[in-house]
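*Asks:* this one's sequence-less:
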DNA sequence: CCCCAGTCCTGCGGGC
DNA sequence: TGCCCGCAGGACTGGG
């Protein structure tokens, strides 16, 4: 669920860690099965204790803390992970706690209810292999119409599935893929190779508008209430969704279509069959 | 190259 | 009321 807007909101929300020194790394106390921590909690602790956080970044759906030793501490929230500087929604799922000194923030928590997320410490070389340009496409906020056409235009895959391919473009997940295609007026099952240049332009514009609006609203907190910003506050973009999880409702774009739900690559896709046509007319 | 099913995990809501 | 089952979907893997 955390996609580009939610992860970017988390990154901005933890700006108080900048310049801080990591005083300690502790297990969060979650009694469940431990999350994946590489290269293991003990080694990670030994390598980051005393390091200074010089820069925060976002790599697609991951948050990166660049340390003064050149290493990258990467948080990968996957489905239910959160990065918090405030107290968590439920203390029971705090997986990792960093105590900080010398910055504005005094702690940084990694919280994860389902525990599918991971925390990784990379050397620059490891970072390049895992999150460099060969592994991760350009950020969705940087993509132009030409970039979409060049990177996706020869593929025969369905455009919605291709949009979620992080090697093609980084940051778009299931929820925003449906919202972007609806805003662009493109049917999710269209093959990339059959999409015209003007439609790639519409897609690029729609992606920028949807993702930037979602960032302004600080992301989408769905009905399960899991997603929170770094201060444990809900996002607001769920109230702006046009199609996601709205099967059977009238289309807010054309007012006459009805939102459909289909499954693509084992994930729910929502679209309006009237204003997102299966073939260009 | 692409597709599909399965895996990791927990909580929730629908159906009976 | 309570139980079971399916669903949620990010990243990855193995088989075709």
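*Replies:* Received, thanks. None of these values were measured; they are calculated from a predicted model. Numbers count the residues shown, from 1 in each chain, chains lettered A, B, ... in the order given.

*Asks:* Does DNA strand B have contacts with stretch A:238-246?
*Replies:* No: legend: contact between stretch A:238-246 and DNA strand B by CB under 7 Å from any atom of the strand is lacking; minimum distance shown is 11.5 Å. C-betas here are computed from N, CA, C, even on glycine.

*Asks:* domains for chain A, by residue range?
*Replies:* Domain assignment of chain A by automatic domain parsing yields the ranges A:4-131, A:140-239.

*Asks:* Thought residue A:121 was touching residue A:39, still the case?
*Replies:* Yes: with contact taken as CB atoms under 8 Å, residue A:39 and residue A:121 are classed as touching, separated by 6.4 Å.

*Asks:* more neighbours, those two?
*Replies:* Set residue A:39 next to residue A:121 and count neighbours by other CB atoms under 10 Å: residue A:121 wins out with 23 against 13.

*Asks:* Tell me the spacing between the more buried one and residue A:71.
*Replies:* 6 Å (CB to CB, to the nearest Å).

*Asks:* residues shared between the contacts of the two?
*Replies:* Common neighbours of residue A:121 and residue A:71 are listed as A:47, A:48 (criterion: CB atoms under 8 Å, 6 or more residues apart in numbering).

*Asks:* how long is stretch A:262-270 from one end to the other?
*Replies:* Between the start and the finish of stretch A:262-270 there is a gap of 7 Å, counting by CA to CA, to the nearest Å.

*Asks:* If you count neighbours, what's buried in that stretch?
*Replies:* A:264, A:269, A:270 (16 or more other CB atoms under 10 Å).

*Asks:* is the first one in a bridge, and if so with what?
*Replies:* Going back to what we said before, that points to residue A:264. Listed beta-bridge partners, residue A:264: residue A:267 (assigned using DSSP bridges).
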